[in-house]
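Undergrad: what's the 3D shape of this:
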Amino acid sequence: MEPPTLTKRLFGRLLCAVDFSDSSLAALGLASSLARESGAELTILHVIDWPWIEPREPACGRLPSKHATALADFLEYLEKSERDRLETIVPEELRTPQLAVRHGKPYVEILRAAEDVRADLIVMGVHGRNVFGTALFGSTTNQVVRRATCPVLTLKQ
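TA: Predicted coordinates for the structure are as follows:
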């Protein structure tokens with residue numbers, strides 16, 4: 001019997017966060033390759049940056065119901081559109097990966113998804129931001145790297 005590979009022992013569940021940028025698509029390629037080579041489960045996640053609370057929750061009582069309903073309908077439309085978009089970028093050679101679309105603050109949702117799927121590794125692309133921009137505003141990748149409870153592999157395209 002052949003001994004398990006290093007990636008097989010360490011990374012059984014991968015989470016790849018995708019925002020459809022070149023760097024995140026490159027990260028998806030890498031995550032797909034790792035998943036194939038190690039037989040890992042791969043979850044591909046897209047987060048809709050959604051600043052509002054859930055439109056159907058009572059706390060949204062400040063909004064007239066027709067606006068809350070319109071927001072909920074728009075969010076549902078966005079989620080379906082983004083899921084369809086995810087389906088078009090999944091590499092054909094992959095077994096059926098899990099596709100997930102969430103909404104909220106991206107780094108928060110990435111960390112929640114990693115916890116939910118019990119990810120052993122998060123893979124994500126890095127956008128080119130200068131040091132001043134990252135220090136002043138932070139970045140999704142920066143926040144994930146700092147707060148994740150599992151390793152994070154970043155790729156800059």
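Undergrad: Now do the strands in the chain.
TA: 13-17, 41-49, 98-104, 121-126, 152-156 (DSSP state E).
Undergrad: can you list those in JSON lines and add mean pLDDT?
TA: As requested, these are exported to JSON lines (pLDDT from 0 to 100):
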{"stretch": "strand 13-17", "mean pLDDT": "97"}
{"stretch": "strand 41-49", "mean pLDDT": "96"}
{"stretch": "strand 98-104", "mean pLDDT": "95"}
{"stretch": "strand 121-126", "mean pLDDT": "95"}
{"stretch": "strand 152-156", "mean pLDDT": "92"}
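Undergrad: I'd like these laid out as CSV, including mean neighbour count and distance to Ala113.
TA: C-beta here means a position set from N, CA and C on the backbone, and glycine is covered the same way. Converted to CSV, the strands of the chain look like this (neighbours: other C-beta atoms under 10 Å; distance: least, C-beta to C-beta, whole Å):
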stretch, mean neighbour count, distance to Ala113
strand 13-17, 26, 6
strand 41-49, 21, 5
strand 98-104, 17, 6
strand 121-126, 25, 9
strand 152-156, 16, 13
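Undergrad: closest to Arg112 out of the ones you listed?
TA: For Arg112, the closest of the strands of the chain is strand 98-104, at 7.5 Å, according to C-beta to C-beta.
Undergrad: which residues in the protein form helices?
TA: Assigned by DSSP state H, the helices in the chain fall at 6-10, 22-38, 65-89, 106-116, 131-137, 140-147.
Undergrad: Tell me which of those helices lies nearest to Lys156.
TA: Judged by C-beta to C-beta, the one of the helices of the chain that comes nearest to Lys156 is helix 22-38, at 5.8 Å.
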